[in-house]
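> What follows is a predicted protein model with its sequence.
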Amino acid sequence: MAESENTDSSMFHQPLLSETQPQSSENVEVLAPFPPAYHRGGLSKSCRCGVISCAIALIFLVASFVLLWPSKPQLSIVQLSLNGLGFHTVPSISLDVKLKLTVQVRNQDFYSIKYDWLNVTIDYRGQNLANATSEGGLVNARSSSYVNATLDVDAVEVLSDVVMLVEDVAAGEITLDTESKIGGKIIFFFFDLPLKATISCQVIANMTNETVSSQNCYPEVHL
Ligand SMILES: *[C@@H]1O[C@H](CO)[C@@H](O)[C@H](O)[C@H]1NC(C)=O
Ligand SMILES: *[C@@H]1O[C@H](CO)[C@@H](O)[C@H](O)[C@H]1NC(C)=O
Ligand SMILES: *[C@@H]1O[C@H](CO)[C@@H](O)[C@H](O)[C@H]1NC(C)=O
Ligand SMILES: *[C@@H]1O[C@H](CO)[C@@H](O)[C@H](O)[C@H]1NC(C)=O
Ligand SMILES: *[C@@H]1O[C@H](CO)[C@@H](O)[C@H](O)[C@H]1NC(C)=O
C-alpha cells in the first residue's frame, strides 16, 4: 500500500519537475511558505505530495466558498394600491392613508433563506406617518416569495410642512415615500451573516379619485 503510494507520487512528480517555466513557478508558489532549504533537504516526496493535495483541497474549498457565498436577496414591489386617502382640517391638519403593497423577495442562492421580518414605513415630507410589520418567511432556492403589508394612517396629524400639505391638497396630488425592508441572518458554515434588503418607493397619489397616479421604486444598496 505504502509502496504503491510512493511510486504513484514519484510518477506524478517526474513530469512536473521537468516541465516548462509557468508550471514550475506555480509549483513554487504553492510551496512558498516553507523555507526553501528545509523543503529541498528534509521533505520527503510523500510529504510534498501531502502538501500539494492540501493546497488543492484548499483551492477547492475557497472556490466553493466563493460560489456558495450568499448573495443579497432582491426586493421589488409587485403591487401597490391605495384603499383610501383623506385630508382633515378639524380638529387638526391630518391625513388618512390606507396603502396596500405586495413585496417580492427574490433569492438567487442555491439554498433557501429565511428572513425574520418585513417592515414598511410611510412618510410624508420626512415625517413618519405609520409603520407596518409582517412576519418573516422562507424563500426557496432560486425562487421568490411574496409578502403583503398594509399601512394604515388614521387621522395622523401633520406636524411639519403644513403649508406644503395644504398646497399639495389644493393641487390635487400628494407625494408619499415608503420604505420596505427585510432583515434577518444567514448562517453560512460558521459565519453569521446579516441579511438585509431595502426598496424605497415614491408614490404620487391623486386626492380626487384616491388612486396612485405614479410610483417610482428603487432598491437601496447595502454591503
Ligand atoms: C422591524 O420590526 C421588528 C418587529 O417589530 C423589530 O424587531 C425590528 O427591529 C424592526 N426593524 C427595524 C429596522 O426597524
Ligand atoms: C415607526 O418606527 C420608527 C422606528 O423604526 C419609530 O421611530 C417611529 O416612531 C414609528 N412610527 C410610528 C408612527 O409608530
Ligand atoms: C397578498 O394579496 C393579494 C391580493 O392583493 C392576494 O392575492 C395574495 O394571496 C396575498 N398574499 C399573501 C401571502 O397573503
Ligand atoms: C386626479 O384624478 C382626477 C379624476 O381622474 C383627474 O380629473 C385629475 O386631473 C387628477 N389630478 C391630477 C393632479 O392629476
Ligand atoms: C384616477 O386619475 C388618474 C389620473 O390622475 C387616472 O389615470 C386613473 O385612471 C383614475 N382612476 C380612477 C379609478 O378613476
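Ah, there it is. Ligands and ions are numbered 1, 2, ... in the order given.
> And the residue nearest the centre of the chain, how close does it get to Lys181?
Nearest to the mean C-alpha position of the chain, by CA atoms, centre = their mean, lies Lys72 at 2.1 Å. Noted for Lys72: a distance of 13 Å to Lys181, by CB to CB, to the nearest Å. Just so you know, the C-beta spots here come from the backbone N, C-alpha and C atoms, and that holds for glycine as well.
> that older thread, the residue nearest to the centre of the chain: helix or strand, and which one exactly?
Under the criterion DSSP states H and E, no helix or strand holds Lys72.
> Just say helix, strand or coil for the nearest residue to it once chain neighbours are set aside.
Spatial nearest neighbour of Lys72, chain neighbours left out: Ala197 (5.8 Å); criterion: CB to CB, 6 or more residues apart in numbering. Classification of Ala197 using DSSP: H, G, I helix; E, B strand; the rest coil returns strand.
> Find me the pLDDT at Ala197, would you?
Looking at Ala197, its pLDDT is 93.
> Check Val212 too.
95.
> Reduced to three states, what does it come out as?
strand.
> what is whatever residue of the chain ends up closest to ligand 2 paired to in the beta sheet?
Residue of the chain nearest ligand 2, by CB to the nearest ligand atom: Asn131 (3.7 Å). Beta-bridge partners for Asn131, by DSSP bridges, are Thr121.
> Could you measure from Asp154 over to Ile93?
From Asp154 to Ile93 the distance is 15 Å (CB to CB).
> higher neighbour count, the two?
Ile93 (17 against 13; other CB atoms under 10 Å).
> tell me the contacts of that one?
By CB atoms under 8 Å, 6 or more residues apart in numbering, the contact set of Ile93 is 157-158, 162, 165-166.
> Those residues in helices, which ones?
Counted as lying in helices by DSSP state H, out of the contacts of Ile93, are 162, 165-166.
> ranking the residues you listed by neighbours, who comes first?
The residue in the ones in helices among the contacts of Ile93 with the most neighbours, by other CB under 10 Å, is Leu165 (19 neighbours).
> So what does the residue lying closest to that one once chain neighbours are set aside look like in phi/psi?
The shortest distance from Leu165 to any non-neighbouring residue, by CB to CB, 6+ apart, is to Val158 (5.2 Å). With angles defined as degrees, to the nearest 10, Val158 sits at phi -90, psi 120.
> ok, Val158 - how many residues close by?
So Val158, with other CB under 10 Å, has 19 neighbours.
> Does it touch Tyr124 like I think?
Yes. Counting by CB atoms under 8 Å, Val158 touches Tyr124, with 6.4 Å between them.
> Which neighbours do the two have in common?
By CB under 8 Å, 6+ apart, the residues touching both Val158 and Tyr124 are 95, 165.
> Can you tell me how far the closest residue to ligand 5 within the chain is from Leu101?
Per CB to the nearest ligand atom, Asn209 is where the chain lies closest to ligand 5, at 3.7 Å. Separation of Asn209 from Leu101 (CB to CB) stands at 19 Å.
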